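> Okay, sequence plus prediction incoming.
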Amino acid sequence: MQKLLPRLVWVAAGLFAATASLHAQAAKKQLKVGFAQTGAESAWRTANSESMKSEAAKRGIDLKFSDGQGKQENQIRAVRSFITQGVDAIVIAPIVETGWDPVLRDAKRAKIPVILTDRTIKTEDESLFACFIGSDFYEEGRMAADWLAKKTSGKGRIVELQGTPGSAPANERRKAFGDAIAKYPGLKIIDSQSGNFERSTGKVVMEALLKKHGRTIEIVYAHNDDMALGAIQAIEAAGLKPGKDIIIVSIDAIKEAVQAVVDGKINCTVECNPLFGPKVYDTIAKLVAGEKVPKKAFNKDELFDSTNAAAVIAKRQY
Ligand code: GYE
């Protein structure tokens with residue numbers, strides 16, 4: 001017995017070490033994540049893709065990145081292929097709000113958690129996705145409108161450059177802005193067109209609007225900075241001064257736009273932070289470990305105008 005006891009202790013210790021190392025191996029198993037991105041329509045999007053890619057590399061995550069090139073059908077195809085490849089989690093930035101249920105049902109059947117990032121979807125069955133991580137687009141539109149109402153004392157003729165038709169940010173930024181300016185009968189949207197969140201389209205659409213409405217345009221409300229920067233090119237080409245002859249209000253707060261605020265060409269840009277790679281992978285780690293995560297997590301966004309842009313420009317990360 002005296003001899004047996006130390007031996008038993010050794011065996012037990014050995015067993016314990018073996019199990020612990022198995023656990024460690026399981027914990028270290030490389031995570032496979034599929035990300036169905038919308039495309040590369042704007043500087044915001046580039047920063048978002050970069051955040052997802054660099055953070056995956058930092059954490060040793062095997063990221064399967066798919067660029068949807070602006071088409072929902074490409075994103076759906078990518079999600080189907082992630083399911084076939086047996087990834088641990090699927091991340092989608094849904095280009096439009098509707099039409100996701102069938103593919104999400106396939107992911108659910110395969111027991112792969114789906115994290116919606118950046119844009120929300122419309123569905124009857126919220127159990128089809130684990131959670132949403134992104135910004136509150138309605139709040140952004142409201143902030144832009146409130147700033148404008150104050151700046152103009154509730155007066156002015158507005159042209160609106162909308163984002164991608166059917167996308168959550170275009171829908172909500174439009175709705176929120178409309179709701180907020182309804183309190184100011186002097187603020188009127190005289191025209192509203194889609195510039196698809198792209199700089200080149202924003203420029204072309206603004207050229208057409210200037211041709212149609214001439215000097216009667218007093219304000220541009222752009223659903224993102226890229227379209228605002230495109231519109232600025234059109235305004236300057238028409239011999240007008242953006243930021244002075246025409247007030248420019250926009251959303252995203254990419255570094256180039258905050259610089260345009262410093263230069264007096266954009267009057268205000270509401271932040272929409274795209275750098276949420278770390279938050280997405282933290283959430284995936286929790287889901288894979290079987291932990292609960294909040295159904296909706298919103299990023300905190302600020303507003304930049306001539307009072308604070310110069311102070312932050314050096315530190316802007318995107
Ligand atoms: O504002 C725009 C981009 O979905 C929040 O999409 C995103 C929007 C962003 O292309 O620049």
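Yep, it's here.
> Tell me which helix or strand comes right after the worst-scoring helix or strand of the chain on mean pLDDT.
Here the helix or strand of the chain ranked lowest by mean pLDDT, DSSP states H and E is helix 4-28, holding a mean of 55. For helix 4-28, the following helix or strand on the C-terminal side (DSSP states H and E) is strand 32-37.
> So which elements touch that next one?
Judged by 3 or more CB pairs under 8 Å, 6 or more residues apart in numbering; DSSP states H and E, strand 32-37 is in contact with helix 43-59, strand 62-67, helix 72-85, strand 89-92. For glycine as for every other residue, the C-beta is placed from the backbone atoms N, C-alpha and C.
> who touches the first one?
Surrounding helix 43-59, the residues in contact under the criterion CB atoms under 8 Å, 6 or more residues apart in numbering are 31, 33, 35, 37-40, 61-63, 65, 67, 91, 93, 118, 197, 224-226, 252, 254, 256, 272, 274-278, 280-281, 317-318.
> Among the residues you listed, name the ones that also lie close to the ligand.
Asp118, Phe197, Asn224, Asp226, Asp252, Cys272 (CB under 6 Å from any ligand atom).
> For the second one, list the residues it contacts.
Contact partners of Phe197, counting by CB under 8 Å, 6+ apart, are Glu41, Ser42, Arg45, Gly163, Thr164, Ser167, Pro169, Ala170, His223, Asn224, Asp226, Met227.
> How many neighbouring residues does the second one have?
If I follow you right, that is Ser42. By other CB atoms under 10 Å, 24 other residues sit near Ser42.
> hang on, isn't Lys188 packed against Ile158?
Yes - with contact defined as CB atoms under 8 Å, Lys188 reaches Ile158; the gap is 6.5 Å.
> And these two? Which one has more around it.
Ile158 (22 against 13).
> if I've got this straight, the more buried one is in a helix?
No - using DSSP: H, G, I helix; E, B strand; the rest coil, the assignment for Ile158 is strand, not a helix.
> Contacts only, for the spatially most central residue of the chain.
Nearest residue to the geometric centre of the chain (CA atoms, centre = their mean): Asp118, 3.3 Å. For Asp118, the contacting residues are Thr38, Asn48, Ala93, Ile133, Gly134, Ser135, Pro274, by CB under 8 Å, 6+ apart.
> Would you check how far apart the closest residue in space to the last one that isn't next to it in sequence and Asp252 are?
Okay, so that is Pro274. Of all residues not flanking Pro274 in the chain, Asn48 sits nearest, at 3.7 Å (CB to CB, 6 or more residues apart in numbering). Separation of Asn48 from Asp252 (CB to CB, to the nearest Å) stands at 11 Å.
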